[in-house]
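Trainee: structure here, sequence nowhere to be found:
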């Protein structure tokens with residue numbers, strides 16, 4: 001799948017912690033209906049079979065809405081469901097290895113916490129970079145925050161799309177204006193909210209403001 005910067009606008013990262021009786025597929029469809037431009041399946045504590053089941057359900061939805069779909073750090077599942085690609089962290093499977101296994105036509109996204117890591121990710125064949133954490137986040141307790149200045153340096157130095165991640169919500173998202181990011185990746189700002197559709201719709205409008 002061809003990836004362009006507009007795909008980064010509202011990058012929704014799943015989390016099953018807040019389902020409260022709903023299915024993850026139901027939540028994802030609500031988010032897609034609201035206009036999410038990218039979906040990542042991120043299930044850190046589930047076994048292979050469960051992730052595979054979720055991936056199949058979500059792949060059917062992202063195909064329906066024509067939105068890129070990647071799996072977090074699980075190349076085997078990505079291959080099994082023919083996902084659009086994977087997202088890997090600095091401590092996960094290396095971008096080069098992911099590219100070798102998935103081939104040139106799949107998406108490889110890489111996390112970066114500073115300019116050096118971002119440049120390395122681009123050199124190793126990443127299609128986009130997720131930079132963060134931009135703000136304090138409980139999802140990645142070991143991550144230090146990236147400054148506004150560092151984010152700007154990264155977006156000016158690389159030629160691939162950049163999405164900001166980490167603690168982003170409707171109250172702080174506009175602080176990213178001027179960094180040059182192509183959009184935001186969010187978890188709890190969507191999936192921990194009572195109305196996922198409304199939360200995604202609001203964040204999409206705000207994200208358009210920061211990329212103007």
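Mentor: Structure received. Since we're looking at a predicted model, the values are computed, not measured.

Trainee: next, the contact list for residue 15, please.
Mentor: By CB atoms under 8 Å, 6 or more residues apart in numbering, the contact set of residue 15 is 42, 139, 187-188, 191-192. The way it works is simple: take the backbone N, C-alpha and C, and place the C-beta from them, glycine included.

Trainee: again, only this time at 6 Å
Mentor: Residues counted as contacts of residue 15 (CB atoms under 6 Å, 6 or more residues apart in numbering) are 187, 191.

Trainee: pLDDT-wise, which helix or strand of the protein ranks last?
Mentor: Within the chain, no helix or strand scores below helix 95-102, which has a mean of 91 by mean pLDDT, DSSP states H and E.

Trainee: give me the buried positions along that helix.
Mentor: By 16 or more other CB atoms under 10 Å, the buried positions in helix 95-102 come out as 95, 98-99, 102.

Trainee: could the residues you listed go into TSV alongside distance to residue 169?
Mentor: Listed next are the buried residues of helix 95-102 as TSV, based on distance: CB to CB, whole Å:
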residue	distance to residue 169
95	28
98	30
99	33
102	32
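
Trainee: which secondary structure state does residue 93 sit in?
Mentor: Secondary structure state of residue 93, per DSSP: H, G, I helix; E, B strand; the rest coil, is coil.

Trainee: where does pLDDT dip in the chain?
Mentor: Of all residues in the chain, those with pLDDT under 70 make up the ranges 1-2, 92, 138-144.

Trainee: remind me, longest helix of it?
Mentor: Ranked by residue count and defined by DSSP state H, the top helix of the chain is helix 48-65.

Trainee: packing partners of that one?
Mentor: helix 24-33, strand 38-41, helix 75-81 (3 or more CB pairs under 6 Å, 6 or more residues apart in numbering; DSSP states H and E).

Trainee: strand partners (parallel or antiparallel) of the helix or strand just after it?
Mentor: Helices and strands here follow DSSP states H and E; after helix 48-65, the next one along the chain is strand 69-72. Strand pairing for strand 69-72, determined by DSSP bridges: strand 38-41 (parallel), strand 85-88 (parallel).

Trainee: gap between stretch 113-123 and the chain center?
Mentor: Distance of stretch 113-123 from the chain centroid (CA atoms, centre = their mean, to the nearest Å) equals 17 Å.

Trainee: mind listing what's buried in that stretch?
Mentor: By neighbour count with 16+ other CB under 10 Å, stretch 113-123 contains the buried residues 113-115, 117-118, 120-122.

Trainee: filter these down to just the ones in helices.
Mentor: Using DSSP H, the buried residues of stretch 113-123 in helices are 115, 117-118, 120-122.

Trainee: in TSV: these, plus distance to residue 80.
Mentor: As requested, these are exported to TSV (distance: CB to CB, whole Å):
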residue	distance to residue 80
115	35
117	29
118	30
120	29
121	25
122	28
